[in-house]
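S.K.: sequence first, then the predicted structure:
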Amino acid sequence: MIERICPECAAGNPVDAQHCTSCGCVLEEVLARRPGAALARSVPGLPVRWQRAGQAVALGVVALVVEAGAAWLQQRVRQSPAPLARTSPMGGGAFVARQRVWETYENGSLQRRVVEQTVWRYPEES
C-alpha cells in the first residue's frame, strides 16, 4: 500500500489525505529551502579559451615526452656495448634488446638450456 509520510511525526497517511491523521500537519505544504545551502559548493569553471589552451598544452607536453623517449632509445641503441652489437648479413646493425634463458635440471645436472633473444635491427649510418 502506498502512503504519504508526515514530515512532522513520520506517521503513514492515505495518499489523498490533505492533513496528517496523527498530528494534523498539512501534507501538501512544500518544505522551505534554505538559501545557499547546496550540498556541494559550486566552483566556477574555466573559460572555454583556457580549457582549449590547457588541452593544447597537454598535447604538446605528451608530444615532447614521446620525442624525448624516442631520442633516448635511439641513442641507447647506437651506444650499445660491443659484445651485443652484431651486423646483419642483409646490411644494417642489430641490438639484442632482451634475452631469456630457461635451464632444465634433473638430478642436479643440466639437461636442457633454451635461450630466447629479442633483436632490434636498424640501418647502418652512412
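M.R.: Good, I have the coordinates. Predicted model only: the values in this text are computed from it and were never measured. Numbering: from 1, shown residues only.

S.K.: report the mean confidence score over whichever strand or helix holds residue 62.
M.R.: Take DSSP states H and E as the rule and residue 62 turns out to sit in helix 48-78. Mean per-residue pLDDT for helix 48-78: 86.

S.K.: same deal with stretch 28-36?
M.R.: 58.

S.K.: rewinding a little: in the helix holding residue 62, which residues are buried?
M.R.: Within helix 48-78, no residue counts as buried by 16 or more other CB atoms under 10 Å. In short, each C-beta sits where N, CA and C put it, glycine included.

S.K.: and that helix, what does it pack onto?
M.R.: For helix 48-78, not one helix or strand is in contact under the criterion 3 or more CB pairs under 8 Å, 6 or more residues apart in numbering; DSSP states H and E.

S.K.: what's the pLDDT at the residue nearest to residue 2 when sequence neighbours are not counted?
M.R.: Closest residue in space to residue 2, ignoring its immediate chain neighbours: residue 15 at 5.6 Å, by CB to CB, 6 or more residues apart in numbering. For residue 15, the pLDDT comes out at 82.
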